[in-house]
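Student: Below is the structure, and that's it, no one-letter string:
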Ligand SMILES: Cc1cc2nc3c(=O)[nH]c(=O)nc-3n(C[C@H](O)[C@H](O)[C@H](O)COP(=O)(O)O)c2cc1C
């Protein structure tokens, strides 16, 4: 099984979820930060997993990442999953996809980057392996809601089970 997990993260919460999903997926899963994500996907990929923070009800944009910087974030990626997905072409037939996001649970804000990402990826020709999934963080910078790392690892195991 070959899986690539591409993650955008500003304060590290979404990245921690990505690492846990990778552990759940098991051997053959690789986590890559958005800044280092390849524009052309590796050959023989069984599963692409894409995750990012929910910003303004959707995937981040230049202005929302700037807003994060203005709030003191120091590790703001130069591009987000929205722009990265925009560079992807049609995948080989049968390439599966899963998407996840983090979003604020206190205060509880609406929106899901994962749902928007899934819509774009399905339009490109990826086949969904699971419904878009969300994980909770407190406020903008976190930490993650209790139990979310374990739930992410379990979600990774579920994905691996569906691929088998
Ligand atoms: C500019 C901005 C807009 C945000 N908008 C939303 C939102 O619409 N809905 C939501 O649930 N969370 C929102 N958040 C909270 C983010 O989802 C939260 O910062 C993110 O999950 C943290 O993940 P990270 O540490 O990986 O960056 C927003 C955060 C920022 C900085």
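Tutor: That came through fine. Worth saying up front: this structure is predicted, and the values here are computed from it rather than measured.

Student: which bits of this protein sit near the ligand?
Tutor: Proximity of the chain to the ligand (Cβ under 6 Å from any ligand atom) is limited to residues 9-15, 53-57, 64, 67-68, 102-104, 109, 111, 137, 140, 142. The C-beta positions use only the backbone N, C-alpha and C, and glycine is treated the same way.

Student: Just the residues you listed: which are in helices?
Tutor: 13-15, 64, 67-68 (DSSP state H).

Student: Of those residues, which is the most crowded?
Tutor: Highest neighbour count within these, by other Cβ atoms under 10 Å: residue 14, with 27 neighbours.

Student: On the pLDDT front, check that one for me.
Tutor: Looking at residue 14, its pLDDT reads 98.

Student: Let me see the residues that make contact with stretch 128-141.
Tutor: 11, 13-14, 17, 47, 54, 68, 71, 73, 96-107, 112, 114-115, 117-118, 121-122, 143-145, 148, 151-152, 155, 158-159, 162-163 (Cβ atoms under 8 Å, 6 or more residues apart in numbering).

Student: And the strands in the chain, which stretches?
Tutor: Using DSSP state E, the strands of the chain run over 3-7, 29-33, 47-53, 96-106, 127-128, 133-138.

Student: right, so of those strands, which gets closest to residue 85?
Tutor: strand 47-53 (6.9 Å; Cβ to Cβ).
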